[in-house]
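[1] Sharing a sequence plus its predicted fold:
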Amino acid sequence: MKNRIYIAILALVFFSCEPEFDTPVESAVYTSGTVDFSNYVALGNSLTAGYADGALYRTGQENSYPNIMAQQFAFANGGEFTQPLMEDNTGGALLSGTQILENRFVLEAQVTGEGTPDDPAFSPKRLVATPTTEISSVLSGGFNNMGVPGAKSFHLLAPGYGNVAGVAAELSNPYFARFASSATASVIGDAVAQNPTFFSLWIGNNDILSYATSGGIGVDHNDTGNIDPSTYESNDITNTMAFAGVYSQLVAALTANGAKGILLNLPDVTSLPFFTTVPYAPLSPLDPTFGPQIPTLNTTFAGLNGAFAFAGFPERAITFSTTGASAVLIKDESLTDISAALVPILTPTFGVGLAMIYAGQYGQVRQATAEDLILLPSSSIIGQLDVDKVAELVGMGLTQEQAGQLAVQGVTLPLGDMYVLTPEEQAAITAAQTAYNTTIQGLATANNLAFLDVKSILAQAANGGLPFDGGLITSQFVSGGGFSLDGVHPTPRAHALLTNELLDAIETEYMATVPRVNPGTYGTVTLSNDVN
Amino acid sequence: MKKSVLVLLLLLSAVLTYAGGYRVSVQGQRAIAMGHTGVAVVNSAELVFFNPAGLVYLENKLTISAGVSVVLSDVIYQNSALGISSETDSPIATPLNLYGAYKVNDWMSVGLGIYTPYGSRVDWPVDWAGSHLVNTIALSAIYIQPVVSFKLSEHFSIAGGPIFVTGSVNFNRNLSRTLTDIEGERSNVVIDDSGVTNWGWSIGAMVSPTEDFRIGFNYRSQVILQAKGGEATFANVPNSPAVPATNGTTTFDAELPLPAELSVGLSYAFYDKWLFAFDYNRQYWSIYESLDIDFGNTTQNPDSRNIRNYKNSSVYRFGLQYEATSKITLRAGYYIDESPVQAGYFAPETPRNDSQGYTGGLSYAITPKWAVDLSFFYLRFDEVEASYDFYEENGQNVPFGGTYKSSVFSPGIGLTYKM
C-alpha cells in the first residue's frame, strides 16, 4: 500500500515536471478553411511526380511538392498521402530485366591537385549503379500522387496510357504502367476513382517542353491546325484548342463531385537553365585549343564568306574574333538552303568534290545570335570532334586531317537543330504557352479554384532570385539551388519553395491556415563521384 | 578497492545536467535542499566543495558525506510557423558526490572531494530540425580535489588545494542542413573522447564574527579541457572530393573551458533552531568564446567554428534550515540562476535560459553517527523565444530559432557519517 502511494507520488512528480508550451504547435489553430484536405490527389507530369536529375527516384519523390504539401495538410486534417515510390535512389528502371530508363544524374567533382578540392570542376554525370525498379512489377492500390513523368495534357485522358504491354513499343508510359489500375486505365479515371476531396493539377508543360528540349525538331500543330492529339508525334506542340478541350475535361472530371483544388500555370522555357546555361557565344580566344586556330579558321572561312556574298547572302559570313568570345555555328532550318547555289561558286577554288561537301555543310548555316537559345546538352559537345562526321567525310574522299578540320562541333560543324531554339521556334512555344495559360487561369476563375502563377515565380528565379533563409534560389545551373542536374526539373529546395507558394494561394482562396516549410532545410543537387 | 573506484568513476561519467551553460549544481544533498547554498554553512563534509575553509569548524574528527541525485530533465522545442516540434529524450542522469573531512588537530583539517560540477546531456531526435547544430551531446567532468584547511584564529580560517579534472565528451551532429549521401541519409559526425585531464585549484576563506554568523568566500579556478587526438567518426558522407570529409574514423582536437566560479555568502543562525544562508555565485563563462573542432584528415584549421560568446553570469541562492526534532532537520531553498547564453547565441546543445530553483529536503539521524539526507530541486524555466544566429552556410549566417521550454526535477539521497 505504502509503495503504491510512493509510486503514485513519483508518477505525479514525473507528470507535473514535463515542460509544456502555452500554445503547443499540435493544438495551434491550423485549419483547412472551406475545403477538405482529407483525400488530396495530385495530377501532373514529371514535376508533380518528383522527377529530378533526369530520373525518378525515391528521395526525389519524397521531396515532391505534392508530398511536402500533404505533410503540411496533415496539420489541418489532411489524410495519408501515398506515392508510387520507385525501388531505389538510383533512378532508372528495367523492363523485363532490360534497362529502359536511364539512371539519375549526380554532380561529379573533378579534383585538381593532390586530394584537395582546390578548384573542383563540377559536371553532371549519370550515376553508375544498377537500377532495381522493374516496370512490369505493377503496384496495387490507388496513389495520391498521380504525377506521370512525360505526360502531356491529353495523355491524362488516354485509356491504356499505363498498359505494360505497350511500354516496349513506346505506345504507353512506363511510369504510369507501374501503377495504373488496369491495362485500359486512364490517369484521370484512376484519379477520380479515388474520390479526391482536394486536388492539384499541373499539366501542359510537356505540350511545349518536349518540342523545346528537342530543339524544335517537332511540328507545331497550331500551324497544322491538327486538333487530334492521337496523331501527334512526341516532340510536337499541342494545338491550343485541343489543349483547352482536354484541360476543361480534366477540371470537369476532378470537380464533378464538388472537390476543390488548385491549378498551376506553365513557366517560360527561358526560366529553365536547360535553355539558358550555354551562351550563344561560348568560343573564347583564350581557350588553348580554340584560340590558336582562329587565324586559320578565318582564312578558310574567308573563301566561304565570299561565296555567301556572291550568292546574295553576305549576312551569313562566318568570322571568329581574336579579342572576344565568338558565336557558335548553327544550322537554322528557317534559312533558305543555298547549297545548290554554292557548289558552282566554290568549285573553281576547291574543286568539285570539296565544293560539294562545303556547300552541303554550310548551305543553311549562320552564327548564333543573342536571340538563339543553345540547349544544355550542347555544352558537352561544343568544340569536340564529331567522330561520326569524320568517318562520313572520310567516306566522301577527304583525308583524315581534312575531315577532322570540318568536324569540330559548333566551330566548323554547325550545331544541329536539336541543340538550338531559334527565335521562330521560341515564338511558337511562347504563343502556345500564352494560350495554355489563358485557358488554365480562365478555368480556375470559372470553377472558383485556387490558382498559382508559376510563370511569374520562375521568372523571378531567373531574374534576381527568390529569397530563403540561406540566400537566394536562382535559375543558375548547379549553383542556383533551384534546378536539378537535368536543367529542367526542380530540386527539393525548389519543391519546398513551390509548396509555400501553393499554400499561400490555397490559404487566400479557401481561408485555410497551414504551416509553411523552410526551403533552406531541403537539399539541392547530390554530389557523387560514382560515375564513369 | 581499485575496482570500486573504477565503478565509481564510470557512474560519475554517466552523469549530467543543468544550470546555466553546462554547470550542474548538485554538489551535496544538504546544500541542494537549501538552494545549493553552502559557502558560509558549516554543516558537513560538503564543505570540501563549497568552502573548505569551513572544515576546521566541523565538530567531529571524521565526517563523510555521499550522495546521489536523480536528474530528470526535458527540453521541448517548437516553431509554429513551420509546424515543427521536438522534445529531448535525455536519459536520467545520476550525478554523485563524495566528500570526506578529517580533523588533524585543532587548527588543521584535511579533506577530499569527488564531484561533477560540469556536464550536460541533451538527446534530440536524430535528424530533427536543429540537427545541423546538435543531435546529441554528452559532456562530463569529474573533479577530484584534496584540500587542507587552517584555522588562523577563532574567527578566521583559510583553505585551498589542487583539483584534478578528468572529462569526456561525445557530440553527434549532422554536417549541414542538407548534405546527404546518394540515399538521402544525412551526413553526420560523432566526436568522442574521454580521459581528458587537466589541473585546477581552489581557495577559500571563512570569517566567523560570532558563533551564529559566518561569512564565506570560495574561488575555484577555470580548467580548460583540451581533447587531442580524439575519435571523430563520419557517416553518410557522399563520395565526392568536394566534401572535405570521408566516411570512417579520423582524429579531432577541441577545447572546452570549465569556467572559474567565485562564491561569497553568509549564514546566520537564529531562534536556536533556524539557520539562514545566502550565497552569491559568479561564474566566469566569458572564457567560452567558441567551440572549435579541428579534424585530423583535413588541412583546414579549425574545420568547425561554433561561436558561443557566453557572458559571465550570477546565481543568487537562499536557504533555510530548521531543526524540527533532535533527529529531523528540515531544509528549503530558492535560487535565481542567470543563463550565460546571450541573445542570438541560444544553441540547442545547451538550451538554457534564466531559471528559478525551488529546493527542499531533510536529514534524518538514524543513529548519532549516521544520517540520511533527502533532497529535491525543481528548476522552473520560462518559455523562451530564442535563436542561434551564427550558423554559417556558404558564408551567410542562417539562424535557427523557435520556442524552447525546459524543466528539471531532481530528487536525491545521501548519507552522512560522523565520528
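    Good, I have the coordinates.
[2] in the sheet, who's paired with the residue of the stretch 151-300 of chain A found nearest chain B?
    Minimum separation of the stretch 151-300 of chain A from chain B (Cβ to the nearest Cβ) falls at residue A:198, amounting to 18.1 Å. Every residue, glycine included, has its C-beta placed from N, CA and C. Taking DSSP bridges as the rule, residue A:198 bridges to residue A:40, residue A:260.
[3] Tell me the buried residues in stretch A:270-282?
    A:270, A:271, A:272, A:273, A:274, A:275, A:276, A:277, A:278, A:280, A:281, A:282 (16 or more other Cβ atoms under 10 Å in any protein chain shown).
[4] For chain B, just list every one of the helices.
    Using DSSP state H, the helices of chain B run over residues B:2-13, B:29-33, B:47-50.
[5] where does the chain dip in pLDDT?
    Using chain A here. A:1-17, A:27-28, A:111-120 (pLDDT under 70).
[6] Not quite, go with chain B.
    Using pLDDT under 70, chain B drops low at B:1-20, B:300-301.
[7] So out of everything in it, what residue is nearest chain A?
    As assessed by Cβ to the nearest Cβ, chain A sits closest to residue B:83 within chain B, at 3.1 Å.
[8] Give me the neighbour count for that residue.
    Using other Cβ atoms under 10 Å in any protein chain shown as the criterion, residue B:83 is surrounded by 20 other residues.
[9] Just give the closest residue to the residue in chain A that chain B sits nearest to, not the sequence neighbours.
    Across chain A, no residue is closer to chain B than residue A:515, which sits at 3.1 Å (Cβ to the nearest Cβ). Closest residue in space to residue A:515, ignoring its immediate chain neighbours: residue B:83 at 3.1 Å, by Cβ to Cβ, 6 or more residues apart in numbering or on different chains.
[10] burial of the closest residue to residue B:127 other than its chain neighbours, as a residue count?
    Counting by Cβ to Cβ, 6+ apart, residue B:127 lies nearest to residue B:186, which is 5.3 Å off, once chain neighbours are set aside. When neighbours are counted by other Cβ under 10 Å, residue B:186 registers 21.
[11] Okay, and the beta partners of residue B:189?
    Residues in beta-bridge contact with residue B:189 (DSSP bridges): residue B:173, residue B:234.
[12] Could you double-check that it sits in contact with residue B:234?
    Yes: counting by Cβ atoms under 8 Å, residue B:234 is a contact partner of residue B:189 at 5.1 Å.
[13] Now the common contact residues for these two.
    Counting by Cβ atoms under 8 Å, 6 or more residues apart in numbering or on different chains, the shared contacts of residue B:189 and residue B:234 are B:175, B:245.
[14] Among those two, which residue is more densely surrounded?
    Counted by other Cβ under 10 Å, residue B:189 and residue B:234 do not tie: residue B:189 has more neighbours, with 23 against 19.
[15] so what's the more buried one up against?
    Residues in contact with residue B:189, defined by Cβ under 8 Å, 6+ apart, are B:172, B:173, B:174, B:175, B:232, B:233, B:234, B:235, B:245.
[16] neighbour-wise, which of the residues you listed leads?
    residue B:232 (25 neighbours).
[17] is it true that residue A:244 lies in a helix?
    Yes: assessed by DSSP: H, G, I helix; E, B strand; the rest coil, residue A:244 belongs to a helix.
[18] What count of nearby residues applies to it?
    20.
[19] List the buried residues of the helix or strand containing residue A:388.
    Assigned by DSSP states H and E, residue A:388 falls within helix A:387-395. Within helix A:387-395, the residues scored as buried using 16+ other Cβ under 10 Å are A:389, A:390, A:393.
[20] thinking again about what came up before, in contact with the residue nearest to residue B:127, which residues?
    B:127, B:131, B:174, B:175, B:179, B:180, B:236.
[21] one more time with 10 Å, if that's ok
    Residue B:186 makes contact with A:523, B:126-127, B:131-132, B:135, B:173-180, B:235-236 under the criterion Cβ atoms under 10 Å, 6 or more residues apart in numbering or on different chains.
[22] still on that earlier bit, ok, so of the buried residues of stretch A:270-282, who is nearest residue A:305?
    Using Cβ to Cβ, residue A:281 comes nearest to residue A:305 of these, at 18.1 Å.
[23] And the closest one, how far from residue A:427?
    To residue A:427, residue A:281 is 22 Å away according to Cβ to Cβ, to the nearest Å.
[24] Over to residue A:271?
    For residue A:271, the distance to residue A:427 equals 17 Å [Cβ to Cβ].
[25] Please report how far the nearest residue to residue B:303 once chain neighbours are set aside lies from residue B:252.
    In this structure, residue B:303 finds its nearest non-sequential neighbour in residue B:295, 4.9 Å apart by Cβ to Cβ, 6+ apart. Taking Cβ to Cβ as the measure, residue B:295 falls 5 Å from residue B:252.
[26] Overlap of the contact sets of these two?
    Counting by Cβ under 10 Å, 6+ apart, the shared contacts of residue B:295 and residue B:252 are B:189, B:191, B:232, B:302, B:303, B:304.
[27] Which of the residues you listed fall in strands?
    Residues of those located in strands (DSSP state E): B:189, B:191, B:232, B:304.
[28] check contacts around the second one.
    Contacts for residue B:191 were tallied using Cβ under 10 Å, 6+ apart; they are B:137, B:169-173, B:227, B:230-233, B:250-254, B:293, B:295, B:304.
[29] do that again at 6 Å, thanks
    Going by Cβ atoms under 6 Å, 6 or more residues apart in numbering or on different chains, residue B:191 touches B:171, B:230, B:232, B:252.
[30] The last one and residue B:298 touch, don't they?
    No: using Cβ atoms under 6 Å, residue B:252 is not in contact with residue B:298; the gap is 10.1 Å.
[31] So for these two, which sits in the more crowded spot?
    Between residue B:252 and residue B:298, counted using other Cβ under 10 Å, the more crowded position is residue B:252 (25 against 14).
[32] Who is the more buried one paired with across the strands?
    residue B:230, residue B:295.
[33] same check, this time on the one 4 residues further on
    The residues listed as beta-bridge partners of residue B:256 by DSSP bridges are residue B:225.
[34] what number of residues lie near it?
    Neighbour tally, residue B:256, other Cβ under 10 Å: 20.
[35] With residue A:442 instead?
    Count around residue A:442 with other Cβ under 10 Å applied: 15.
[36] Now tabulate the buried residues of stretch A:270-282 in JSON lines and tack on secondary structure and distance to chain B.
    Output for the buried residues of stretch A:270-282, formatted as JSON lines (DSSP: H, G, I helix; E, B strand; the rest coil; distance: Cβ to the nearest Cβ, whole Å):
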{"residue": "A:270", "secondary structure": "helix", "distance to chain B": "26"}
{"residue": "A:271", "secondary structure": "helix", "distance to chain B": "23"}
{"residue": "A:272", "secondary structure": "coil", "distance to chain B": "22"}
{"residue": "A:273", "secondary structure": "helix", "distance to chain B": "19"}
{"residue": "A:274", "secondary structure": "helix", "distance to chain B": "23"}
{"residue": "A:275", "secondary structure": "helix", "distance to chain B": "26"}
{"residue": "A:276", "secondary structure": "helix", "distance to chain B": "22"}
{"residue": "A:277", "secondary structure": "coil", "distance to chain B": "19"}
{"residue": "A:278", "secondary structure": "strand", "distance to chain B": "23"}
{"residue": "A:280", "secondary structure": "coil", "distance to chain B": "30"}
{"residue": "A:281", "secondary structure": "coil", "distance to chain B": "29"}
{"residue": "A:282", "secondary structure": "coil", "distance to chain B": "24"}
